[in-house]
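Engineer: sequence below, structure please.
(chains A and B)
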Amino acid sequence: GQNIDQPTEMTATEGAIVQINCTYQTSGFNGLFWYQQHAGEAPTFLSYNVLDGLEEKGRFSSFLSRSKGYSYLLLKELQMKDSASYLCAVFPSGYSTLTFGKGTMLLVSP
Amino acid sequence: DVKVTQSSRYLVKRTGEKVFLECVQDMDHENMFWYRQDPGLGLRLIYFSYDVKMKEKGDIPEGYSVSREKKERFSLILESASTNQTSMYLCASRSGATYEQYFGPGTRLTVT
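Structural biologist: Below is the predicted model:
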């Protein structure tokens, strides 16, 4: 089966840096996604990693280690609007659908 | 920009009613999905479709059915709504050539 673990909640301060971890165990691997979801809204795409290493996109970066089944999302210069749930999702080989973690609720305080 | 739309943002239905949730995408995507999202349980796949008239059960299909008569439209049907189907329902679509899924705005369904 597929299993994805990420922390349930995290808190951080405006202007700080936060790292949200995700570990996964899946049958094969075709890539890992991070989505952001604000309360009451649909998830929106943040990043996609298929090879090992760091992908940087503005204030957000995502890292992948396939051998360790591990990824993290790094958010820099946190802003209040970054308060949201962050979903880690993996595309297993031979499957047609993403498998989602339960999400990490990030609360950014002033 | 890919656009996925859902027929309602909020819906209130009574137990036993038949409920239709509609989803339309405008990017000619082959794959479409229906999820429900509940606190503490995350996103759970109900059904998906990889082509017109084709459907596959997801992780929690019980109590639901789907219809895909046209490529752009994927409907979720609750034959006889029950209170445990109160949830946020999210539709998504994806091209057959990529892995990224695009989500609709969601329908918050309350069954009383």
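
Engineer: sheet partners, orientation included, of the worst-scoring helix or strand of chain A on mean pLDDT?
Structural biologist: Lowest on mean pLDDT, DSSP states H and E among the helices and strands of chain A sits strand A:99-100, with a mean of 90. Strand A:99-100 sits in its sheet next to strand A:84-90 (antiparallel), going by DSSP bridges.

Engineer: alpha carbons of the partner strand, as CSV, please.
Structural biologist: Taking Å, rounded to 0.1, in the frame of the first residue of the first chain, the C-alpha atoms of strand A:84-90 are listed here in CSV:
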residue,chain,number,x,y,z
ALA,A,84,-2.6,27.3,5.2
SER,A,85,-2.5,23.6,5.0
TYR,A,86,0.3,22.1,3.0
LEU,A,87,-0.3,18.7,1.3
CYS,A,88,2.4,16.3,0.3
ALA,A,89,1.3,13.9,-2.5
VAL,A,90,3.1,11.1,-4.3
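
Engineer: dig out what B:Leu78 forms beta bridges with.
Structural biologist: Taking DSSP bridges, one finds B:Val19, B:Tyr64 as the beta-bridge partners of B:Leu78.

Engineer: and it, what does it touch?
Structural biologist: By Cβ atoms under 8 Å, 6 or more residues apart in numbering or on different chains, the residues touching B:Leu78 are B:13, B:17-19, B:21, B:63-64, B:85. In short, each C-beta sits where N, CA and C put it, glycine included.

Engineer: state the pLDDT value of it.
Structural biologist: Looking at B:Leu78, its pLDDT stands at 97.

Engineer: and the gap between A:Ala42 and A:Ser96?
Structural biologist: As judged by Cβ to Cβ, to the nearest Å, A:Ala42 and A:Ser96 stand 20 Å apart.

Engineer: let me redo that: A:Leu64
Structural biologist: Separation of A:Leu64 from A:Ser96 (Cβ to Cβ): 21 Å.

Engineer: what pLDDT does A:Gly1 get?
Structural biologist: A:Gly1 is assigned a predicted lDDT (pLDDT) of 65.

Engineer: can you map out the strands along chain B?
Structural biologist: Per DSSP state E, chain B has strands spanning B:4-6, B:10-13, B:19-25, B:31-38, B:42-51, B:54-57, B:64-70, B:73-78, B:87-94, B:102-103, B:107-111. These are given in chain order.

Engineer: how long is stretch B:60-79 from one end to the other?
Structural biologist: Looking at stretch B:60-79, the gap from its leading to its trailing residue is 15 Å under the measure Cα to Cα, to the nearest Å.

Engineer: which parts of that stretch are buried?
Structural biologist: B:64, B:66-68, B:72, B:74-76, B:78 (16 or more other Cβ atoms under 10 Å in any protein chain shown).

Engineer: how about these in CSV, adding distance to A:Phe33?
Structural biologist: Output for those, formatted as CSV (distance: Cβ to Cβ, whole Å):
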residue, distance to A:Phe33
B:Tyr64, 25
B:Val66, 24
B:Ser67, 28
B:Arg68, 24
B:Glu72, 24
B:Phe74, 21
B:Ser75, 26
B:Leu76, 23
B:Leu78, 28
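
Engineer: show residues contacting the next helix or strand after the least confident helix or strand of chain A.
Structural biologist: Sequence-wise, the next helix or strand beyond strand A:99-100 is strand A:104-109, with elements assigned using DSSP states H and E. Defining contact as Cβ under 8 Å, 6+ apart, one finds that strand A:104-109 is touched by A:6-14, A:18, A:20, A:75, A:78-80, A:82-88.
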